[in-house]
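**Q** Have a look; sequence and predicted model below, questions after that.
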Amino acid sequence: MKTDEIIEDISILIAEDETQLREYLNEYLSIFFKKVYVAKCGHEGYLQYLEKKPDIIISDINMPNLNGLEMIKRIRQRDEETEIIIISAHSEEEKLLQAIELKLVTYLIKPINSLKLKELLFRLVEKVRSSKKRIYLSNNIFWDKSSYTLWNSEKQISLKEKEIMLFKLLCSKSNHAFTAEAIFYHIYKDSDKEFSEYAVTSFIKRLRAKLPENLIQNEYGIGYKIVLN
């Protein structure tokens, strides 16, 4: 996974009553994620969850108004998909045992190790993306296998019927180059046209004009492919 592009499609909620830690986590995670939300207590965290529907939640175990465990119990009554990480102190082992039943990803002991948190979150990004039936062509560009649509973050890239057929083919085999002939007979399979390499190159050229640079790559002497992220 590339780390030099900000992640726009996965959102994170931080529920932490400790001001210094909350502000640090917000600032640190905003380096990697575009959508980072914060809450100062469990009640505010639950309201943020209802409004924002975050993909990942990082929550302290002890918070005013509604503690972390109670907040997560309420969330789990609504869904079991949101990935949740608990933050706790060493002295809260009993509460951590209670938290196991709430289907958490893991727990982190204070003080938080930034590198460990980053690695954990990046693994969760891959997990969330996979569960959404998306094939990522870069950090923010993805092919939706269920609807056969191409997206750049939250904006759909408009594709014509034959362009959709090409993306279905290119995404069917990871990092595999398809010959011009294979592409031609795939997109013109219901036509009586004879094979024309020029027709394929012209088609690819028109399609590339709609897309980010180098999304469809030419493997010299073989054909065309998409290098999957």
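**A** In hand now; what should we look at?
**Q** In contact with Lys110, which residues?
**A** When contacts are counted by Cβ atoms under 8 Å, 6 or more residues apart in numbering, Lys110 touches Leu21, Ile87, Ser88, Ala89, His90. All C-beta spots, glycine's among them, are computed from the backbone N, C-alpha and C.
**Q** State the distance from the third one to Tyr185.
**A** I take that to be Ser88. Counting by Cβ to Cβ, to the nearest Å, the gap from Ser88 to Tyr185 is 59 Å.
**Q** For PyMOL, what selects the buried ones among the contacts of Lys110?
**A** To isolate the buried members of the contacts of Lys110 in PyMOL, using 16 or more other Cβ atoms under 10 Å:
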select buried, resi 21+87+88
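**Q** Let me see the contact set for Asp60.
**A** Ala15, Glu16, Asp17, Glu18, Leu21, Gly68, Ile86, Ile87, Ser88.
**Q** give me every residue that touches the third one.
**A** With contacts taken as Cβ under 8 Å, 6+ apart, Asp17 has the following neighbours: Lys40, Cys41, Asp60, Asn62, Met63, Pro64.
**Q** Can you tell me which of the residues you listed is nearest Leu169?
**A** Closest to Leu169 out of the contacts of Asp17 is Asp60 (47.8 Å), distances taken as Cβ to Cβ.
**Q** Okay, and the beta partners of the closest one?
**A** Beta bridges link Asp60 to Ile87 when assigned by DSSP bridges.
**Q** Show me where this protein has its strands.
**A** For the chain, strands defined by DSSP state E occupy the ranges 7-15, 33-39, 56-60, 83-88, 106-109, 134-136, 141-144, 149-152, 155-157, 217-219, 223-225.
**Q** just checking, which of the ones you listed sits deepest inside the structure?
**A** Stretch with highest mean neighbour count among those: strand 56-60 (a mean of 26; mean count of other Cβ atoms under 10 Å).
**Q** Please export the C-alpha coordinates of that one as PDB.
**A** Extracted in PDB, the C-alpha atoms of strand 56-60 (Å, rounded to 0.1, in the frame of the first residue of the first chain):
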ATOM      1  CA  ILE A  56     -12.600   2.600  11.900                       C
ATOM      2  CA  ILE A  57     -13.100   3.800  15.500                       C
ATOM      3  CA  ILE A  58     -10.300   4.400  18.100                       C
ATOM      4  CA  SER A  59     -11.800   4.800  21.500                       C
ATOM      5  CA  ASP A  60     -10.500   5.300  25.100                       C
END
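**Q** before we move on, the earlier item: most surrounded residue in the contacts of Asp17?
**A** In terms of neighbour count, Asp60 stands highest of the contacts of Asp17 at 25 neighbours, by other Cβ atoms under 10 Å.
**Q** before we move on, back to that, format the contacts of Asp60 as CSV; extra columns: pLDDT and distance to Lys53.
**A** Listed next are these as CSV, based on pLDDT from 0 to 100; distance: Cβ to Cβ, whole Å:
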residue, pLDDT, distance to Lys53
Ala15, 97, 14
Glu16, 96, 19
Asp17, 94, 22
Glu18, 94, 25
Leu21, 95, 24
Gly68, 88, 19
Ile86, 87, 20
Ile87, 87, 21
Ser88, 83, 25
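**Q** Same list (the residues you listed) but as CSV, adding distance to Ser172.
**A** Shown next, in CSV, are the contacts of Asp60 (distance: Cβ to Cβ, whole Å):
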residue, distance to Ser172
Ala15, 41
Glu16, 43
Asp17, 49
Glu18, 48
Leu21, 45
Gly68, 43
Ile86, 40
Ile87, 41
Ser88, 45
